[in-house]
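In: Model the structure of this input:
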Amino acid sequence: MKVLYPTNVSRAPEVPGDVDLVLYEPTAPIPTEHHDAEVLVSWGSTTELLRAAAGELTKLRWVQSLAAGPDDVLAADFPPGVRISTGRSLHSDTVAEHTLALILAGLRGLNLLLAAQPEHTWRGDLGGARVEGADGRVETLSGANVLIWGFGSIAERLAPLLTTLGARVTGVARRAGTRAGYPVIAADGLPEALPDTDVLVMILPNAPDTQNALNAELLSLLPSRAWVVNVGRGAIVDEDALVDALRAGSITGAALDVFRTEPLPADSPLWELPNVIITPHTAGGRPRGAADLVAANLDAYRAGRPLTNEIDR
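Out: As a prediction, this is how the structure comes out:
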């Protein structure tokens, strides 16, 4: 059995002696001599390269993506008989920490302070003695209402960090209930929840039913003090509606790590808005524990057992 494993992961898995583990460059076409691979571990390849692999690797039976979601692999159109599993949970630590950093940066006005630094400008209006909340801003997570839309493994890692700092956390998922000890509402409960939300965190995957999930109508329900943080996928937020809300001041700000078009075009109005924090899809990017997941799934695959994070095609 031949397994193709990307070179851009820090550690390769330990495999049985009868498994031929071949390292490949994920930013280049897979060499012809490896088109007989049965397993492809995918990380950092473009959709075009994955589509090429889908057509060339005729003996392929399983694709293990190291991404949290399956959208990149699904877009490659692998044949129906090819099993697909994802790297769900591999990015939970880094994305949760980045999300927390974005939230704190927004609430504490770090974007404004950093913008003033090259100008040698002392933003005294953002410091010194003043009445908390007099200007309508939320400046601390203590007592803040944080709504996390997309309550999966990343949210389960993020929520306790927010709770430790005093936030009240509520999740949003397909079904209402309780997850990891936190109350979760269904999406149809958003109109009631959004008006009391201080921070809305978006961690939805890219899927047909999540396109523009956060639209103009829902944005209008947020209070003017609210921040929107998106670390899911760019397509889940209506960027035009978000820009309109930011320009109008109907929300305080947005911290965005993902965008509908990446890299974010130079002419995007998001670059010019002072109440926007932009990071270049850097929340994840480091699949921690990838080798262990691949080794465990390889053992399950060879034994005919279900794979961890296998998706239903």
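
In: For the rest of this, base every contact and every neighbour count on C-alpha atoms.
Out: Noted.

In: contacts for stretch 159-171?
Out: 100, 141-151, 182-185 (C-alpha atoms under 8 Å, 6 or more residues apart in numbering).

In: Show the buried residues in those.
Out: Using 16 or more other C-alpha atoms under 10 Å as the burial test, the contacts of stretch 159-171 include 100, 141, 144-151, 182, 184-185 as buried.

In: List the ones among these that fall in strands.
Out: 145-149, 182, 184-185 (DSSP state E).

In: and which of those residues is nearest to residue 175?
Out: residue 185 (6.8 Å; C-alpha to C-alpha).

In: Next up, the contacts around that closest one.
Out: Counting by C-alpha under 8 Å, 6+ apart, residue 185 makes contact with 170-173, 175-177.

In: if you set the cut-off to 6 Å instead, what comes out?
Out: Residues near residue 185 by C-alpha atoms under 6 Å, 6 or more residues apart in numbering: 172, 176.

In: Quick check: residue 197 touching residue 145?
Out: Yes - assessed by C-alpha atoms under 6 Å, residue 197 is found in contact with residue 145 at 5.2 Å.

In: Need the pLDDT of residue 207.
Out: In this prediction, residue 207 carries a pLDDT score of 89.

In: what about it, how many residues close to it?
Out: 13 (other C-alpha atoms under 10 Å).

In: Could you check how far it is from residue 75?
Out: 11 Å (C-alpha to C-alpha, to the nearest Å).

In: Which of the three states applies to residue 80?
Out: Here residue 80 is recorded as coil under DSSP: H, G, I helix; E, B strand; the rest coil.

In: now do residue 161
Out: Strictly by three-state DSSP, residue 161 counts as helix.

In: Excluding chain neighbours, what is closest to residue 238?
Out: residue 212 (4.7 Å; C-alpha to C-alpha, 6 or more residues apart in numbering).

In: OK, contacts around the one you found?
Out: With contact set as C-alpha under 6 Å, 6+ apart, residue 212 has these partners: 236-238.

In: how about 10 Å then?
Out: Applying C-alpha atoms under 10 Å, 6 or more residues apart in numbering to residue 212 gives the contacts 206, 234-239, 241, 260.
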